[in-house]
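> For reference, the sequence and a predicted model appear below.
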Amino acid sequence: MCLSGQVSPSLLDLKYLTYLDLSHNNFQGSPIPSFIGSLKRLTYFDLSQASFGGLLPPQLGNLSNLHYLDLTVDPYSSQDLRVSDLNWLSSLSSLNYLNLGGVNLRKGSAHWPEKVSMLPSLMEWHLVGCQFSQFPESLSFVNFPSLLVLDLSFNNFNSTMPQWVFNITTLLELTLTGSELKGSIPAVAEGVLCKLRKMDLSFNNSTGNIRELDVGLSGCKNISLEELDLSANKFKGLLPDSLGLHRYLKVLQLS
């Protein structure tokens, strides 16, 4: 928490800068400067928990060489970092890691999955507590060929869990904790969840039984699931005997 004030445009003199990390400082609500978009050699950009505020500059979309972008807001901060839209995001075609946790994305919530699906190299996608109010039930185009980690926890979806989430067959971790999901789990094709190591759907209002998850985890040659948390929901019915087949399971929460 040593640095504060505003970021100096003298950074532009660093013509060959590829790595910029200003995380865990206190910039006292000053906006992220738009000139950052001119640092086109950047591959790593981290401003997480640095108390920036105001609108995210769409010029960030000029950073087409970025592999890593983390703009996480400190949950205990009074600063409000927000977007006017998410159109700039689709230009970051080289991105592997995206974390916008705590950034107010409400104004970009209408088409947020489509914007992210335009990032073909994305492996980790963290949008925790982003004040989403919509979780589209269907998408005209879903293509996440490299996605390994998806975390959409603590949003205000107030909707059923969409089936397209379970069609991302590359996933290793799926976390949807406390996102006001309701209704039953959608039909899942057999074996579609074979690669999952972690699934956390806790603290929602999901109902029905967990048979669909059982189907998605069945027929796998190598069952890799290590953590399954379905606690604090409204599930009912018999627990499937197939839970006993998950020999690598370390955490099982059904409370």
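That came through fine. Numbering: from 1, shown residues only.
> any idea how far Ser78 is from Leu148?
For Ser78, the distance to Leu148 (CB to CB, to the nearest Å) stands at 33 Å. Heads up, the C-betas are built off the backbone N, CA and C, glycines and all.
> the more surrounded of the two?
Leu148 (17 against 8; other CB atoms under 10 Å).
> doesn't Gln134 make contact with Arg106?
No - using CB atoms under 8 Å, Arg106 is not in contact with Gln134, being 9.3 Å away.
> what domains does the record give for the protein?
Split into domains by automatic domain parsing, the chain comes to 1-95, 135-255.
> Lowest mean pLDDT across the ones you listed, which one is that?
Lowest mean pLDDT within these: domain 135-255, at a mean of 89.
> Endpoints of that one, how far apart?
Across domain 135-255, the terminal residues are separated by 26 Å (CA to CA, to the nearest Å).
> How far away from the center of its chain is that domain?
Here domain 135-255 is found 15 Å from its chain centre; the criterion is CA atoms, centre = their mean, to the nearest Å.
> got it, and stretch 61-77?
Put simply, stretch 61-77 sits 12 Å off its chain's centre (CA atoms, centre = their mean).
> Between the two ends of it, how far is it?
Stretch 61-77 has an end-to-end distance of 26 Å (criterion: CA to CA).
> thinking again about what came up before, would a markdown table of the domains of the chain with distance to Met123 be doable?
Shown next, in a markdown table, are those (distance: least, CB to CB, whole Å):
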| stretch | distance to Met123 |
| --- | --- |
| domain 1-95 | 9 |
| domain 135-255 | 5 |
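> out of those domains, which comes closest to Ser117?
Among the domains of the chain, domain 135-255 comes nearest to Ser117, with 5.4 Å by CB to CB.
> my read: Ser84 touches Lys107, true?
Yes - look at Ser84 against Lys107 with CB under 8 Å: they come within range, at 5.7 Å.
> Quick check: neighbours shared by the two?
Both Ser84 and Lys107 lack any common contact, where contact means CB atoms under 8 Å, 6 or more residues apart in numbering.
> So Leu12: helix, strand or coil?
Three-state assignment for Leu12 (DSSP: H, G, I helix; E, B strand; the rest coil): helix.
> Neighbours of it, how many?
Neighbour count of Leu12, defined by other CB under 10 Å: 13.
> Help me confirm that it comes into contact with Leu39.
Yes - checked against CB under 8 Å, the pair Leu12 and Leu39 is within contact range at 7.2 Å.
> Show me the helices in this structure, by range?
Using DSSP state H, the helices of the chain run over 112-117, 211-216.
> For those helices, give me CSV that also has distance to Ser224.
Listed next are the helices of the chain as CSV, based on distance: least, CB to CB, whole Å:
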stretch, distance to Ser224
helix 112-117, 25
helix 211-216, 13
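> which one of these lies closest to Val192?
Nearest to Val192 among these is helix 211-216; the distance by CB to CB comes to 5.0 Å.
> what bridges to Leu252?
Leu252 has these beta-bridge partners by DSSP bridges: Leu228.
> can you tell me which residues contact it?
Residues in contact with Leu252, defined by CB under 8 Å, 6+ apart, are 227-229, 243.
> same thing with Lys198?
Going by CB under 8 Å, 6+ apart, Lys198 touches 172-175, 225-228.
> could you redo the last one with a cut-off of 10 Å?
Counting by CB atoms under 10 Å, 6 or more residues apart in numbering, Lys198 makes contact with 149, 151, 171-175, 224-229, 250-251.
> Many thanks, have a good one.
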